[in-house]
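need a 3D model of the sequence below.
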Amino acid sequence: MSVVELGRFMEDLAQASGKAILPFFRAQFALEDKARGGSPFDPVTEADRAAEVVLRAMIAKAFPGHGILGEEFGTEREDAECVWVLDPIDGTRAFIAGLPTWGTLIGLTRHGVPVRGLMHQPYLGEVFTGDGHSARLRGPAGERTLRTRRCTDLGQALLATTDPRLFAEGEEAERFRALEGQARLSRYGTDCYAYCMLAAGQIDLVVEAGLKPYDICALIPIIEGAGGRVTSWDGGSAAKGGRVIAAGDPRLHEAALKVLNP
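Model (predicted):
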């Protein structure tokens, strides 16, 4: 399959999963807490599972030798050279609240390195794509190239995170608060949409903790393709999740790392 054909296939995955998800958005549906009453609340919906079933079936048919890692149904052929990394609804809390800041994440890794990524927000009709070298947005206003914005000063940076309560109490939370205290503005609750807004030049920093591979793999090629940088808090690969920092400007990334690693 050529690069162009692969891109079209990923678009087909996005459209098919969107059709499975949208009937549930702002509607009544079954909801389960994967934390089983623990903390934090970890919801999963019928829409999550319906979309992942569709994605897995399409990938298995087109690429029977590829591996798949999905949030809802685990891993198949995890040692394969190419592994698809899927999060059918990243931002389930936003989804169940009727807020359109969730998205479907479809990533492809080769030898463990994220090489292609797509984020689809079907309600808004937006598709963000990247291959680590370039990134694009296709939406109601048309199609355009994505570029991060220049920002070297933490005091001028717009910082986003899903929820500051997700940082472990103690050193982890203290490091985040120290960084947030230097930022110009912070926003919460935007999940994968924050990373795409970083790629689009609207946000300067995204800092998270406790991520899984399916939370971040699809977003790395988009951000890097737009000129940004994504790593772990210690500057290593973010592909396995954990503590992650994304910055639109590599110089801002270095400045933020110094705060997170005093």
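
let's see the pLDDT reported for the residue nearest to Arg184 when sequence neighbours are not counted.
Distances taken as C-beta to C-beta, 6 or more residues apart in numbering put Gln156 closest to Arg184, at 5.4 Å, once the chain neighbours are dropped. Using the backbone N, CA and C atoms, a C-beta is placed for each residue, glycine as well. Model confidence at Gln156, given as pLDDT, is 97.

next: Leu166.
For Leu166, pLDDT reads 89.

which non-adjacent residue is nearest it?
Per C-beta to C-beta, 6+ apart, closest to Leu166 is Gly210, 5.5 Å.

and that neighbour, what is it in contact with?
By C-beta atoms under 8 Å, 6 or more residues apart in numbering, the residues touching Gly210 are Leu166, Phe167, Ala168, Gly241, Gly242, Arg243.

how many other residues sit next to the first one?
By that I understand Leu166. 15 (other C-beta atoms under 10 Å).

would you list the phi and psi of it?
phi -80, psi -10 (degrees, to the nearest 10).

and for Pro140, nearest residue in space, chain neighbours not counted?
Here the residue nearest Pro140, using C-beta to C-beta, 6+ apart, is Gly125, at 5.3 Å.

which phi and psi does the one you found have?
Torsion angles, degrees, to the nearest 10, at Gly125: phi 70, psi 40.

coming back round to it: give me the buried subset of the contacts of Gly210.
Phe167, Gly241, Gly242, Arg243 (16 or more other C-beta atoms under 10 Å).

you'd agree Tyr21 is up against Ile89?
If you look again at residue 21, you'll see it is Ile, not Tyr. Yes. Here Ile21 reaches Ile89: they are 6.6 Å apart, a contact under C-beta atoms under 8 Å.

could I get the full set of helices for the stretch 101-250 of the chain?
171-182, 191-199, 213-216, 219-225, 250-260 (DSSP state H, counting those that start in this stretch).

contacting residues for Leu13?
Leu55, Met58, Ile59, Ile106, Leu118.

highest neighbour count among the residues you listed?
Most surrounded of the contacts of Leu13: other C-beta under 10 Å gives Ile106, at 27 neighbours.

wait, it touches Leu86, no?
Yes. Using C-beta under 8 Å, Ile106 is in contact with Leu86, at 6.1 Å.

next, show the common contact partners of these two.
By C-beta under 8 Å, 6+ apart, the residues touching both Ile106 and Leu86 are Leu55.

got a markdown table for the helices of the stretch 101-250 of the chain, with distance to Val113, mean pLDDT and mean neighbour count too?
As requested, the helices of the stretch 101-250 of the chain are exported to a markdown table (distance: least, C-beta to C-beta, whole Å; pLDDT from 0 to 100; neighbours: other C-beta atoms under 10 Å):
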| stretch | distance to Val113 | mean pLDDT | mean neighbour count |
| --- | --- | --- | --- |
| helix 171-182 | 26 | 96 | 15 |
| helix 191-199 | 18 | 97 | 27 |
| helix 213-216 | 12 | 97 | 24 |
| helix 219-225 | 9 | 98 | 28 |
| helix 250-260 | 19 | 97 | 17 |
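
redo those helices as TSV? Include distance to Arg150.
Shown next, in TSV, are these (distance: least, C-beta to C-beta, whole Å):
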stretch	distance to Arg150
helix 171-182	18
helix 191-199	13
helix 213-216	24
helix 219-225	15
helix 250-260	8
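
any idea which of these gets closest to Ala50?
Minimum separation from Ala50 across the helices of the stretch 101-250 of the chain (C-beta to C-beta) falls at helix 213-216, 16.6 Å.

do you know the pLDDT at Glu32?
pLDDT, Glu32: 58.

now Ser17
Reported pLDDT for Ser17: 96.

doesn't it belong to a helix?
Yes. The assignment for Ser17 (DSSP: H, G, I helix; E, B strand; the rest coil) places it in a helix.
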